[in-house]
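1. Sequence and predicted structure below; questions after.
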Amino acid sequence: MESSDRYNLIVVGLGCAGLSVAHYFSTQMEGAKILGLEKNSISGDLGTSSLGHSRLFNYTPGFPLRNEMYEDSKKMWKEIEEKTQTEILHYTTLLYLGRPDWRLIKDAKKEIPEEEFLSPEKISEMYPAFENIPEDYTGFHIEDAGIIKSKVALQVYTDMCQEQDIELKYNTTVTKISKNEVQTEDGAIYNADHVVVATGPFTGEHFEHEDEEFVSMEQEFYEFGDKEGLPTMFQEDSEFGSMLGCLDNEDLLQYKVSRHGDINRTDAEAWIRHRIPSKAEDILKNSQIFQARWCFRKGKHFVYETKNGVHYTYGFRGNGFFYMPLHGKVVFDTLLKKGPLKYALI
Ligand SMILES: Cc1cc2nc3c(=O)[nH]c(=O)nc-3n(C[C@H](O)[C@H](O)[C@H](O)COP(=O)(O)OP(=O)(O)OC[C@H]3O[C@@H](n4cnc5c(N)ncnc54)[C@H](O)[C@@H]3O)c2cc1C
């Protein structure tokens, strides 16, 4: 079953990366015919990387390239917010805590004055729900940080794609892909000048892209209502793994905590019992646990690469959402301008 129409671009997967690619191309190629194909009924569905209402963003001390991307992305988000009159970035401070010999703290020490570092007592005083902070911990606030309203962002991008007359097909699973051709499970075949695969953590599974460098793993987060005494947003690197938390839900009235990395519910629960004991029973009994998935390529973040003429964008691990507007731009620059791959394979 061959579709007679030829597209300028087909994007497979409509999570944060795919929507960004589809939209950015449409703004750069007037009149381009663009098709987006998504296996689920919505972007950011259960089990995908873009699931949920909120994501964190923050300036990262000691990471110049990341911060260059950070500034570029912030600018692009601002333009989108102004154009759509929608708040997507909700600025608030991020509390970072951990041991002084850990990388982020070591790097921060080079930039942040000593007096801005917080003792464990001070952290507990400011955020009374946080208890049992080890004596050798330190912490600091990153002021240039906030929450991305990820669900809002996906909706805004979907609307912008529709305004650009991009054809978005949901409930459509792609089963076969090559340089200029894509086949869906109902047997339809679509042709295009360019095919971009933005299937995120499913990249290996679908397109024989699996190799030992590519890792895709399940992640979980606990969503609950009682946020009294908790920081608006935090990251802690501890013996339980990297724990993150922030306000959540449409109106940011809920809270969520997640353990990032190899999924391990025992460690996440141990952290909850230890660090926020006054709420632990309620969280562990009543919170909703959501499953998402992310992927990365060992030693790399943000992979934009071409294999056998097919273009792939994936591997953002726990950092990709904030850079949503940039994904489309980088893929476009890589593909059509063949310019310097400033952010590729960092
Ligand atoms: C728990 C968690 C916490 C995170 N925290 C942060 C954070 O604080 N800050 C931040 O910036 N980022 C964060 N991230 C990372 C960010 O969310 C991801 O990098 C981003 O969502 C990746 O989007 P994606 O489009 O690559 O993947 P996805 O959102 O998974 O999109 C891929 C899409 O492809 C579709 N698909 C797959 N196979 C097919 C097929 N065969 N045919 C058609 N469609 C297909 C899927 O259904 C899916 O919709 C976090 C991620 C997770 C999981």
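-> Looks like it came in fine. Numbers count the residues shown, from 1 in each chain.

2. What ranges does the stretch 201-346 of the chain have for its strands?
-> Using DSSP state E, counting those that start in this stretch, the strands assigned to the stretch 201-346 of the chain run over residues 214-224, 233-238, 241-248, 254-260, 288-297, 303-307, 310-314.

3. Report the beta-bridge partners for the closest residue to residue 93 other than its chain neighbours.
-> The spatially closest residue to residue 93, leaving aside those adjacent along the chain, is residue 141, at 4.6 Å (C-beta to C-beta, 6 or more residues apart in numbering). C-beta: built from backbone N, CA, C; applies to glycine. Applying DSSP bridges to residue 141 yields these beta-bridge partners: residue 95.

4. which residues touch residue 141?
-> With contacts defined as C-beta atoms under 8 Å, 6 or more residues apart in numbering, residue 141 is in contact with 93, 94, 95, 96, 116, 118.

5. which of these lies closest to the ligand?
-> Distance from the ligand was checked for each of the contacts of residue 141 by C-beta to the nearest ligand atom. The minimum falls on residue 94, at 9.9 Å.

6. With adjacent residues omitted, what lies nearest to that closest one?
-> Closest residue to residue 94 in three dimensions, ignoring its sequence neighbours and counting by C-beta to C-beta, 6+ apart: residue 145, at 3.8 Å.

7. The one residue in the stretch 151-300 of the chain that gets nearest to the ligand: how many residues sit nearby?
-> Among the residues of the stretch 151-300 of the chain, residue 200 lies closest to the ligand, at 2.3 Å counting by C-beta to the nearest ligand atom. Counted with other C-beta atoms under 10 Å, the neighbours of residue 200 add up to 23.

8. and if you look at residue 28?
-> When neighbours are counted by other C-beta under 10 Å, residue 28 comes out with 14.

9. just to revisit the earlier point, quick check: the gap between the residue nearest to residue 93 and residue 297.
-> Plainly put, residue 141 is 32 Å away from residue 297 if you go by C-beta to C-beta, to the nearest Å.

10. got the residues of the stretch 1-150 of the chain near the ligand?
-> Proximity of the stretch 1-150 of the chain to the ligand is assessed by C-beta under 6 Å from any ligand atom, with 12-18, 37-40, 43, 48-50, 55-57 identified as the residues in range.

11. Who does residue 191 form a beta bridge with?
-> Per DSSP bridges, the residues bridged to residue 191 are residue 6, residue 181.

12. pLDDT at it, what is it?
-> Predicted confidence (pLDDT) for residue 191: 97.

13. now it: how far from residue 40?
-> When distance is defined by C-beta to C-beta, residue 191 is 24 Å away from residue 40.

14. Buried residues, the lengthiest helix in the chain. List them.
-> Looking only at the chain and at elements set by DSSP state H, the helix with the highest residue count is helix 64-84. Residues of helix 64-84 classed as buried under the neighbour-count rule (16 or more other C-beta atoms under 10 Å) are 66, 69, 70, 72, 73, 74, 76, 77, 80, 84.
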